[in-house]
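Student: The sequence and its predicted three-dimensional model are supplied below.
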Amino acid sequence: MKITKVESFILHVPLNPPITDAINSPTHWGLPGVRIFTDEGIVGYGYTGTCAYGDKLITDTIDDYYAPVLMGKDPFQVKEIWDELRFGQMHWIGRAGVTHMALAAVDIALWDIMSKAANKPLWQYLGGHKSNGIKAYNTNGGWLNWTKERLLQDISSYVEEGFTGVKMKVGKPNTQEDYDRVKAVRELIGNEIILMIDVNQQWNINTAMTWGKKLEEFDLFWLEEPLNPDDILGHKKLADELNVPIALGEHVYHKYAFRDYIHNGAVEYVQVDCTRVGGITEWLQVAGLAAAYDLPVVPHVGDMGQIHQHLVGATQNAIMLEYIPWIRDIFVEPTTVKNGYYVLPEMPGASTEVIPQYFEKYRVK
């Protein structure tokens, strides 16, 4: 099998209603990505996820620097291709961020091709582990721009739907307001439902230490992204001092940073995202590293779960998966949660193929 064509794309899918966390207020979810065509008629789809900012930087990297290397290659040489792109012309100016997200899109498309060629859903192609489904927790009711009334209403509805875990955003200018909202949610859902909070990097070490300790009374499952994601030592201090486990990985872009986080005991739930690290190839390496330390993997879903459902479904130390349904309706085989569990896909591939009418409708030209 040979690659015959590489075509980048950008999709902007509107969010209704728009949401806000402590750092972003997107109106659309961006999918800069790539379609890779082969001489056997199999087309692979790969993409990363953004708040619809800077997407052209990612697709320009694919078009100008990765596509020429890919032409004529055998997709099944995915690891060799990964090394050639990672250490190619873009290595000098970017080993994370834009160039790595572009690499992720390409790598995901290649794995999509391989699993389609094998006539297997990706989770089976990788070696299945959770054939009965994946435990899901819901993030979509806890946004920072929701009033307390809307927050409680939405979280209550998700618990009624069967979710046994929910996550909410904190990081308001007045941290006392965060405390009051967390208290209200815990009182609403009782002690049987898992509750996580996500700071989106908005606290400094003093705020995190003070309010992290105060919030321990609400039996939090984890405290997510409390500090700047480059501050490994700060997170280590929190992990050492707080009883609430530290979760992060959304803005950690390569295995070497995860290695340092894990080795230093600075992370307790590894949220590695295949659309931020270099795709599935590097995600599997990070998950294996976490397994060697007996750490659970619970991915952030920049892909909105389409790809990660396969990865969690094939990984022993991946214990559950975030659910955010913003873009599910555009896919040929969308993510599906029933009674609080992801139903694993049945179609061959990585579940990245977009319905043609939505591909055209949301494509940025």
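Tutor: Happy to help now that I have it. Residues are numbered from 1 along each chain as shown.
Student: check contacts around W29.
Tutor: Contact analysis of W29 by CB atoms under 8 Å, 6 or more residues apart in numbering lists H12, V13, L15, G49, T50, C51, A52, M304, W326, I327. Just so you know, the C-beta spots here come from the backbone N, C-alpha and C atoms, and that holds for glycine as well.
Student: Go again with 6 Å.
Tutor: Listed by CB atoms under 6 Å, 6 or more residues apart in numbering, the contact partners of W29 are V13, W326, I327.
Student: I'd like the residues you listed as CSV, with pLDDT, secondary structure and distance to H28 appended.
Tutor: Formatted as CSV, those follow (pLDDT from 0 to 100; DSSP: H, G, I helix; E, B strand; the rest coil; distance: CB to CB, whole Å):
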residue, pLDDT, secondary structure, distance to H28
V13, 98, strand, 6
W326, 94, coil, 9
I327, 97, coil, 10
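Student: So, low pLDDT: which residues of the stretch 51-200 of the chain?
Tutor: Nowhere does the stretch 51-200 of the chain drop to pLDDT under 70.
Student: Contacts made by the longest helix along the chain with the rest, please.
Tutor: In the chain, with assignment by DSSP state H, the single longest helix is helix 98-117. Applying CB under 6 Å, 6+ apart, the contact partners of helix 98-117 are 33-34, 36, 42, 44-48, 57-58, 61-62, 66, 75-76, 78, 82, 85, 90, 122, 125, 253, 275, 278-281, 307, 348-350, 352.
Student: about what we covered before: let's see if you can find the most crowded of the contacts of W29.
Tutor: Sorting those by how many neighbours each has (other CB atoms under 10 Å) puts I327 first, at 26 neighbours.
Student: Might you report the residue contacts of it?
Tutor: Counting by CB under 6 Å, 6+ apart, I327 has contacts V13, W29, M304.
Student: Over to N228?
Tutor: Taking CB under 6 Å, 6+ apart, we find N228 in contact with Q201.
Student: I324 too?
Tutor: Contacts of I324 by CB under 6 Å, 6+ apart are T139, N140, M304.
Student: ok so, going back, whichever helix or strand comes after the longest helix of the chain packs against which elements?
Tutor: Under the assignment DSSP states H and E, the closest C-terminal helix or strand after helix 98-117 is helix 122-125. Counting contacts by 3 or more CB pairs under 6 Å, 6 or more residues apart in numbering; DSSP states H and E, helix 122-125 packs against helix 308-313.
Student: Could you list every helix and strand that the helix it packs on packs against?
Tutor: Under the contact criterion of 3+ CB pairs under 6 Å, 6+ apart, helix 308-313 touches helix 122-125.
Student: And the contacts of I324, which is closest to K130?
Tutor: Using CB to CB, M304 is the member of the contacts of I324 that lies nearest K130, at 18.9 Å.
Student: That closest one and V159, how far apart?
Tutor: Distance of M304 to V159, computed by CB to CB, to the nearest Å: 21 Å.
Student: do E192 as well
Tutor: As for E192, its distance to V159 is 9 Å (criterion: CB to CB).
Student: The two: which is more packed in?
Tutor: Taking neighbours as other CB under 10 Å, E192 and V159 compare with V159 leading, 20 against 7.
Student: which SS state does that one fall under?
Tutor: helix (DSSP: H, G, I helix; E, B strand; the rest coil).
Student: so who does it touch?
Tutor: By CB under 6 Å, 6+ apart, the contact set of V159 is I189, I193.
Student: Please determine how far it is located from V185.
Tutor: Using CB to CB, one gets 10 Å for the distance from V159 to V185.
Student: repeat for P356
Tutor: 41 Å.
Student: and P18, what element?
Tutor: Under the criterion DSSP H and E, no helix or strand holds P18.
Student: And the pLDDT for it?
Tutor: As predicted, P18 sits at a pLDDT of 82.
Student: State the number of residues packed around the nearest residue to it once chain neighbours are set aside.
Tutor: When the adjacent residues along the chain are set aside, P18 lies closest to T27, with 4.7 Å between them (CB to CB, 6 or more residues apart in numbering). For T27, the neighbour count with other CB under 10 Å is 13.
Student: now K2
Tutor: Around K2 there are 12 other residues, counting by other CB under 10 Å.
Student: which stretches of the stretch 151-300 of the chain form strands?
Tutor: Using DSSP state E, counting those that start in this stretch, the strands found in the stretch 151-300 of the chain span residues 165-169, 194-198, 222-224, 246-248, 269-270.
Student: Tabulate these (CSV), appending distance to D154.
Tutor: Output for those, formatted as CSV (distance: least, CB to CB, whole Å):
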stretch, distance to D154
strand 165-169, 9
strand 194-198, 14
strand 222-224, 18
strand 246-248, 21
strand 269-270, 23
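Student: No more questions from me, cheers.
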